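Undergrad: After the sequence you'll find the predicted model.
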Amino acid sequence: MPELPEVERARALIEARALGRRIAAVDDSDTYVCRPHPPGEIASALTGARLTAARRRGKTMWCETDRGPVLGLHLGMAGKIVVDGAEAGDPKEVLGTTWDRFTVEFEDGGRLVLRDKRRLGRAVLDPVIERLGPDAAEVSAREFRERVGHGAAPLKVRIMDQAVIAGVGNLLADEALWQARISPQAPAGSLSRPAVSRLYHSLQAALASAEANGGVHTGEVIAARRRGGVCPRCGAPMRQGVVGGRTTWWCSREQALRRAAGARAPGRATV
DNA sequence: ACTCGTGTTAGCTG
DNA sequence: TCAGCTAACACGAG
């Protein structure tokens, strides 16, 4: 379920509990999660080392080591980080090791685990962080405007492009666009400057709210993403469609697509 | 019972 | 050349 706030909690867990401990063994036998590494390759690089830092940009995490190799971790759609049995942000620990896809065992007997039912998470050596845009929670308003506010692609596609802005997933995108009252289908370059600014502030607010309330799924409009759902603000029917290949929900009244989307005051859709 | 999906990306297609 | 689509992953939710 992780989007950026959940990933940050996982990173903080690693930072708080896994740094400085000598690595005794690594189970990298899941060749899908550890692709493209053959079994043993990550283990050879990490065994004997210690993790020295836990970093994050967007939804990608990486751990530096005192031996040089960097361990990249991604939670995918359903992954969690477990350290010594403690799960980031989830009081209910899942017992057993059925879904442990990647394990770092420390000399002291503890372990850092990527637990992931769907196997969409990744553990790799030396991830290419440079391909990611600035972190969504740290990007400045100016940089956001410069990176997001142009191009022919639908706005939602633009903000979910991890090379443009790192950390915005499907739910967070719907929430931020709804808060800003902008159509997800509006071409990114068609937005007025005030509309881009509004989206920036909505995204920051959605991130802060998710952080405070325990996840992106607590967003105001998320509960309305269902058949028969209505806009929590105006009561108009929510509309569903596919944008950039992802299920998308938006308010049929406040987020209607129109010429020069976002250039006018919201709430008076022309269609 | 059956469809869909909070993510990413290689591989195709037009 | 490239934007856009699909499959792959494996399980839970509706």
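TA: Yep, it's here. Given the structure is predicted, the values throughout are model-derived calculations rather than measurements. Residues are numbered from 1 along each chain as shown, chains lettered A, B, ... in the order given.
Undergrad: where in chain A is pLDDT low?
TA: A:1, A:88-95, A:259-271 (pLDDT under 70).
Undergrad: helix or strand for the spatially closest residue to residue A:188 that is not a sequence neighbour, which one?
TA: Excluding the flanking residues, the one nearest residue A:188 by CB to CB, 6 or more residues apart in numbering is residue A:158, at 4.1 Å. Yep, even glycine has a C-beta here, placed from its N, CA and C like the rest. Using DSSP states H and E, residue A:158 sits in helix A:155-160.
Undergrad: Identify the residues contacting that helix?
TA: The contact list for helix A:155-160, computed with CB atoms under 8 Å, 6 or more residues apart in numbering, reads A:148, A:151, A:164-165, A:168-170, A:173-174, A:176-177, A:182-188, A:191, A:199, A:203, A:243-244, A:246, A:248, A:261.
Undergrad: same thing but 6 Å
TA: Residues outside helix A:155-160 that contact it (CB atoms under 6 Å, 6 or more residues apart in numbering) are A:148, A:164-165, A:168, A:173, A:184, A:186, A:188, A:243-244.
Undergrad: Pick out whichever of these sits closest to residue A:80.
TA: Taking CB to CB as the measure, residue A:80 lies nearest residue A:168 of the contacts of helix A:155-160, at 20.4 Å.
Undergrad: how many other residues sit next to the nearest residue to residue A:238 once chain neighbours are set aside?
TA: Excluding the flanking residues, the one nearest residue A:238 by CB to CB, 6+ apart is residue A:229, at 4.2 Å. Per other CB atoms under 10 Å, the neighbour tally for residue A:229 reads 17.
Undergrad: again, but for residue A:160
TA: Residue A:160: 22 neighbours (other CB under 10 Å).
Undergrad: now do residue A:38
TA: Count around residue A:38 with other CB under 10 Å applied: 10.
Undergrad: Next to DNA strand C, which bits of chain A? Give me the list.
TA: A:32, A:76, A:99, A:117-120, A:152-153, A:157, A:226, A:244-245 (CB under 7 Å from any atom of the strand).
Undergrad: so how far is the helix holding residue A:158 from its chain's centroid?
TA: 13 Å (CA atoms, centre = their mean, to the nearest Å).
Undergrad: after that helix comes which helix or strand?
TA: helix A:170-180.
Undergrad: That next one: what's the following helix or strand?
TA: By DSSP H and E, the next helix or strand past helix A:170-180 is helix A:193-213.
Undergrad: right, is that following helix up against DNA strand B?
TA: No - figure legend: helix A:193-213 not in contact with DNA strand B (CB under 7 Å from any atom of the strand); closest approach 10.0 Å.
Undergrad: could you check the angle helix A:170-180 makes with that helix?
TA: Orientation check (axes from the mean of the first three to the mean of the last three CA atoms, to 10 degrees): helix A:193-213 against helix A:170-180 gives 130 degrees.
Undergrad: Now flag whichever of the contacts of helix A:155-160 is closest to residue A:5.
TA: Distances from residue A:5 to the contacts of helix A:155-160, taken by CB to CB, are shortest for residue A:168, at 11.6 Å.
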